[in-house]
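K.L.:
fold the following, please.
(chains A and B)
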2 protein chains.
Amino acid sequence: MTIENGYLVCDGMHIIGAYQELPEQFRDAQIIDYKDRLIIPGLCDLHTHAPQFAFRALGSDLELLDWLEKYTFPEESKYSNLDYARKAYDVFVNAIRHSATTRACIFATLHSPATVTLMEKLEQTGIVSYVGKVAMDRNCPDILRQESAQAAYVSTKQWIRNTKDRFKNTKPIITPRFIPTCSDELMYRLKELQEEFSLPVQSHLSENKDEIAWVSDLHPHCHTYSHAYEHFGLFGGERTPTVMAHCVWCDDEEIELMKKNQVFVAHCSQSNFNLASGIAPIRKYMTNGVNVGLGSDVAGGSHLSIFRAMSDTVQASKLYWRLIDQNDAALTLNEAFYLGTEGGGRFFGKVGSFKSGYEFDAVVIDDSNIPTTNPLTIEERLARIIYCSDDSNVHAKYVRGEKVL
Amino acid sequence: MTIENGYLVCDGMHIIGAYQELPEQFRDAQIIDYKDRLIIPGLCDLHTHAPQFAFRALGSDLELLDWLEKYTFPEESKYSNLDYARKAYDVFVNAIRHSATTRACIFATLHSPATVTLMEKLEQTGIVSYVGKVAMDRNCPDILRQESAQAAYVSTKQWIRNTKDRFKNTKPIITPRFIPTCSDELMYRLKELQEEFSLPVQSHLSENKDEIAWVSDLHPHCHTYSHAYEHFGLFGGERTPTVMAHCVWCDDEEIELMKKNQVFVAHCSQSNFNLASGIAPIRKYMTNGVNVGLGSDVAGGSHLSIFRAMSDTVQASKLYWRLIDQNDAALTLNEAFYLGTEGGGRFFGKVGSFKSGYEFDAVVIDDSNIPTTNPLTIEERLARIIYCSDDSNVHAKYVRGEKVL
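P.N.:
Take a look at the predicted model:
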């Protein structure tokens, strides 16, 4: 729904309502007039890697496992150096600050000091985020391997204690990198921490076919990748809010489990293109009542923009329909917009919409530099913003009622 | 091949060579120092529609034939009004002027005055282009249908006479829209004009499955879409340089014919995503010796950038490999860069490379605002430019030795 020249009323942190005419009881309220600009809900990035921003667009000729070895792990190892981390996270945080994103789920590295630094910097942006110190104790270079599950447990627990009440908007999240890099013991210990501190969980699921075969070898007792997470109690459920990135190749049984456990799928179509992973069956997830949001997945994706993720999502769904299954209709642009706002926002509560009672996250877009010669409807202007805008079009940004940009 | 801190020597219009050290005989030549910036061959856009720029990003929920009816034809009909055309072509020409594109094959509309206006404006950019007054006399709204093949012939001939020697860089090209909108008689008359004036040809081929079925109904005597063009003598050959946009679904027999006739494929992956057309088998074309370049295909594509076309091409080829045929390896970024420069440039002669004797088309890119914390090789900087730059990174542009931006 769109309202032209309307009023969006909030009581500080929450939306009261969106109106064509200002209701009488708000006549005395302070009004900020954004004139002809568009006001939209803030965008939600359900999956990205802060330390990978430095090498976005590189290594695009590789698939996931080789790309991890050649680019990701060497880069992430640098974050043991806090000076490097400060410099690199400044670059990432500056980028996300100026984007239209108001909420994010972010992977850091396994290094506690660098991860705290990232959280400090993110807090200053006003963006609401979950940040994960990554856990991994096998199948990775020595320099990035925690020495034992016990050591990972201890340092993760210390990091959680250090950060869980320290920031208003930036919170820790349990973050096993993915099954192949986490021993059984580490997974059990992470579950302990998840329960002890009532934290949400983020990880990767079913991105690449070689990865899936590897998980199957590592966990022959679990008949799907999803069930491997479920085995350790790290696959959603009422007290374990969980977001899983990718979910490109999940089967019907996994879909049922995701729905039952209210797992969120972070759909990262650009990354799935770049790493030749495939196309996730998003229409099927939506039809089956699975929660779906969008992720930029930098540096699998090269762009932090969730507008770009929306247009990529529509394109991916069209190719899915054309090339894989004509029973799954392509997503409309409106549906992709929903996924990039409320779809992902629901992981954060009542977020991503201007419905009454939702948290007031909003982005003001100035599209006056995207030229046309035709009169445009609001929906058409939004389409052009999704396909053709960049951060320079972000005129103002509000998170939880506070103006942050 | 890349040269760091080297010298690119030209004699005005042509490249003499690229050198690490400046050869002795050029010691007295004028030197322009672009310092740490990258100098690359100009980009070639083998297929775009100038009148569609005004509605780029709109109608993305439709497939080709519906999209033509709902968006394209109504917009193109406006170009009967020369005032509107002037305004709208200003917007398009301003955009292509500031892009990294130095060569282009461009569709206008069927309106002669508007098409001449477009050519006048393009000439002022310094870009070298072929511009087509579109021919169509059936299966389109009355307002866009030429009244007869004879009328189309007469007006096209007049337009060719009026423009063929009028501009240095802007030349006419024979442009049947596509088989469904051109009667047999019109096609024969266009062939006459092509021969009389020795002009190249541009059209669309095999973009969408419904379109292909339609062509098959219209020309049951031609056993492929390509053979329908061949039937009228408008499908390449030594004296009929031809570029065909899309070629998503061409079969082996068509590939053979394209190779034999040296037809250029204008690969428009973004448009093929947006209109749910599919993925063209570019690796197969390259392996079989078919000429391939890249096209932005605005407004099927939403972006004029051929850098974007390069990254889209790599992504498309990865999905082709993953989802359609694992015998056709994904394109590397280097290969996509070749397609967007020399691959398409060959349609214009010795263009798109810094090899000795090539025409001096060059773009100077300033990538200093794409932040990183790592030292980068030239190849890595180029990758980031392809994935992450925009027109603001175009620092200077040369076409045929003249500085045009």
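
K.L.:
mind checking the SS state of the closest residue to A:Glu342 other than its chain neighbours?
P.N.:
Excluding the flanking residues, the one nearest A:Glu342 by Cβ to Cβ, 6 or more residues apart in numbering or on different chains is A:Gly352, at 3.5 Å. To be clear about C-beta, it is placed using only N, CA and C from the backbone, and glycine gets the same treatment. Here A:Gly352 is coil, with the state taken from DSSP: H, G, I helix; E, B strand; the rest coil.

K.L.:
and for A:Gly352, the neighbour number?
P.N.:
Using other Cβ atoms under 10 Å in any protein chain shown, the number of residues around A:Gly352 comes to 27.

K.L.:
check the one 4 residues further on too.
P.N.:
The tally of other residues near A:Ser356 (other Cβ under 10 Å) stands at 12.

K.L.:
and it, what does it touch?
P.N.:
A:15-17 (Cβ atoms under 8 Å, 6 or more residues apart in numbering or on different chains).

K.L.:
out of those residues, who's the most crowded?
P.N.:
A:Ile15 (22 neighbours).

K.L.:
pLDDT wise, what is the residue nearest to A:Glu342 at?
P.N.:
For A:Gly352, the model assigns a pLDDT of 98.

K.L.:
ok, it touching A:Arg346?
P.N.:
Yes: using Cβ atoms under 8 Å, A:Gly352 is in contact with A:Arg346, at 6.8 Å.

K.L.:
now A:Thr373. Nearest residue, chain neighbours left out?
P.N.:
Nearest residue to A:Thr373 in three dimensions, chain neighbours excluded: B:Ala88, at 4.4 Å (Cβ to Cβ, 6+ apart).

K.L.:
point me to the helix or strand that includes that neighbour.
P.N.:
helix B:82-97 (DSSP states H and E).

K.L.:
what's that helix packed up against?
P.N.:
Helix B:82-97 is packed against helix B:112-123, with contacts defined by 3 or more Cβ pairs under 8 Å, 6 or more residues apart in numbering or on different chains; DSSP states H and E.

K.L.:
and the helix it packs on, what does it pack onto?
P.N.:
Secondary-structure packing of helix B:112-123 (3+ Cβ pairs under 8 Å, 6+ apart): helix B:82-97, strand B:128-132, helix B:149-163, strand B:170-172.

K.L.:
okay, the angle between that helix and strand B:128-132?
P.N.:
Computed by axes from the mean of the first three to the mean of the last three Cα atoms, to 10 degrees, the angle separating helix B:112-123 from strand B:128-132 equals 170 degrees.

K.L.:
how far off centre is helix B:112-123?
P.N.:
Distance of helix B:112-123 from its chain centroid, counting by Cα atoms, centre = their mean, to the nearest Å, is 18 Å.

K.L.:
tabulate the CA atom coordinates of it in CSV.
P.N.:
Output of helix B:112-123 as CSV, limited to C-alpha atoms (Å, rounded to 0.1, in the frame of the first residue of the first chain):
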residue,chain,number,x,y,z
SER,B,112,12.5,9.8,-38.9
PRO,B,113,12.7,13.3,-37.3
ALA,B,114,13.1,11.9,-33.8
THR,B,115,15.8,9.5,-35.0
VAL,B,116,17.7,12.3,-36.7
THR,B,117,17.5,14.3,-33.5
LEU,B,118,18.9,11.3,-31.6
MET,B,119,21.8,11.1,-34.1
GLU,B,120,22.5,14.8,-33.8
LYS,B,121,22.7,14.5,-30.0
LEU,B,122,24.8,11.4,-30.1
GLU,B,123,27.3,13.0,-32.5
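
K.L.:
quick one: it to helix B:149-163, angle?
P.N.:
Using the same axes, to 10 degrees: helix B:112-123 against helix B:149-163 is 30 degrees.

K.L.:
circling back: need the helices and strands packed on helix B:112-123 in TSV with distance to B:His246, can you?
P.N.:
TSV is the format used below for those (distance: least, Cβ to Cβ, whole Å):
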stretch	distance to B:His246
helix B:82-97	20
strand B:128-132	16
helix B:149-163	23
strand B:170-172	22
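
K.L.:
export these to CSV and append columns for mean neighbour count and mean pLDDT.
P.N.:
Listed next are those as CSV, based on neighbours: other Cβ atoms under 10 Å in any protein chain shown; pLDDT from 0 to 100:
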stretch, mean neighbour count, mean pLDDT
helix B:82-97, 19, 98
strand B:128-132, 26, 98
helix B:149-163, 17, 97
strand B:170-172, 22, 98
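
K.L.:
how about the contacts made by the closest residue to chain B within the stretch 101-250 of chain A?
P.N.:
With Cβ to the nearest Cβ as the measure, A:Lys209 is the residue of the stretch 101-250 of chain A nearest to chain B, at 8.6 Å. A:Lys209 is in contact with A:249, A:278, counting by Cβ under 8 Å, 6+ apart.

K.L.:
quick one, phi psi at it?
P.N.:
With angles defined as degrees, to the nearest 10, A:Lys209 sits at phi -60, psi -40.

K.L.:
end to end, how far does stretch A:296-310 reach?
P.N.:
Length of stretch A:296-310, first residue to last, Cα to Cα, to the nearest Å: 10 Å.

K.L.:
neighbours around the closest residue to A:Glu253 other than its chain neighbours, how many?
P.N.:
Nearest in space to A:Glu253, with sequence neighbours left out and distances taken as Cβ to Cβ, 6+ apart, is A:Thr224 at 6.0 Å. The number of residues packed near A:Thr224 is 20, by other Cβ under 10 Å.

K.L.:
who in the stretch 1-150 of chain A is up against chain B?
P.N.:
Residues of the stretch 1-150 of chain A lying close to chain B (Cβ under 8 Å from any Cβ of the partner chain) are A:54-58, A:60-61, A:75, A:84, A:87-88, A:91, A:94-95.
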